[in-house]
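Okay, structure incoming, though there's no sequence with it:
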Ligand code: HEM
């Protein structure tokens, strides 16, 4: 038995379920519901980001997905042998892996700081009675727009990854 690959696949699958599960749920269901709910939706998202560990957990899950993916790729490709890299399966896995890495980098650089700031701001607003000042309201709106746009971009990269990873095994 190849224990090395068993462990890596285990880590890969558990961590991508958490990462992709969150991004897909956020984009497809949570975000539209938050928008439809108006101010209550904003308060809900503020609570999700400030009262739970979702941001940190998803960042760790994404990191583990990428590390385990790269280690598996190194293993199954015979240390990135050019024959494997140029094979249909290798090419599909590389496109999928790169797409995930680009999505991750974008999420960490653009979406995560905005989500962290939104959590802090929601905490401040709650402490001072629950009503945002006009400045806080404007900042919240801008943060929401950044998170929405960024989340959309990450989602699109992860769709490409999911398609590539799903079909790679049968592409010859
Ligand atoms: C959210 C992102 C990701 C998702 C949803 C995902 C999903 C999957 C799935 C479902 C498999 C199993 C495919 C099968 O057995 O037919 C797989 C395998 C694999 N993934 Fe990913 N993956 C992601 C990110 C990455 C990254 C970033 C890399 C590397 C840079 C990577 C490299 C690999 C490799 C090399 C395999 C094949 C392992 C083998 O041949 O046994 N993955 N991935």
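Now that the structure is in, tell me what you want to look at. From a predicted model like this one, the values you see are computed outputs, not experimental measurements.

Report the next helix or strand after the helix or strand of the chain with the lowest mean pLDDT in sequence order.
Each helix and strand of the chain was given a mean pLDDT (mean pLDDT, DSSP states H and E); the minimum falls on helix 39-51 at a mean of 84. Remark: after helix 39-51, the chain's next helix or strand is helix 54-76, criterion DSSP states H and E.

before we move on, back to that, roughly how far is the least confident helix or strand of the chain from the heart of the chain?
Centroid separation for helix 39-51 versus its chain: 19 Å, with CA atoms, centre = their mean, to the nearest Å.

And for stretch 118-133?
Distance of stretch 118-133 from the chain centroid (CA atoms, centre = their mean) equals 26 Å.

what residues does this protein put near the ligand?
5, 12, 16, 19-20, 65-66, 69-70, 72-73, 76, 93, 97, 100-101, 158, 161-162, 165, 169 (CB under 6 Å from any ligand atom). For every residue, glycine as well, the C-beta is placed using N, CA and C.

Mind listing residues that contact stretch 43-57?
18, 22, 30, 34, 37, 112, 115-116, 118-123, 125-126, 144 (CB atoms under 8 Å, 6 or more residues apart in numbering).

Pull out the buried members of these.
With burial judged by 16 or more other CB atoms under 10 Å, the buried subset of the contacts of stretch 43-57 is 18, 22, 30, 34, 112, 115, 118-119, 121-122, 125, 144.

Name all residues that make contact with residue 85.
Counted by CB under 8 Å, 6+ apart, residue 85 has contacts 77, 91, 94.

same check, this time on residue 75
Residue 75 neighbours (CB under 8 Å, 6+ apart): 4-5, 8.

Now render these as CSV, adding secondary structure and neighbour count.
Below are the contacts of residue 75 laid out as CSV (DSSP: H, G, I helix; E, B strand; the rest coil; neighbours: other CB atoms under 10 Å):
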residue, secondary structure, neighbour count
4, helix, 11
5, helix, 14
8, helix, 21
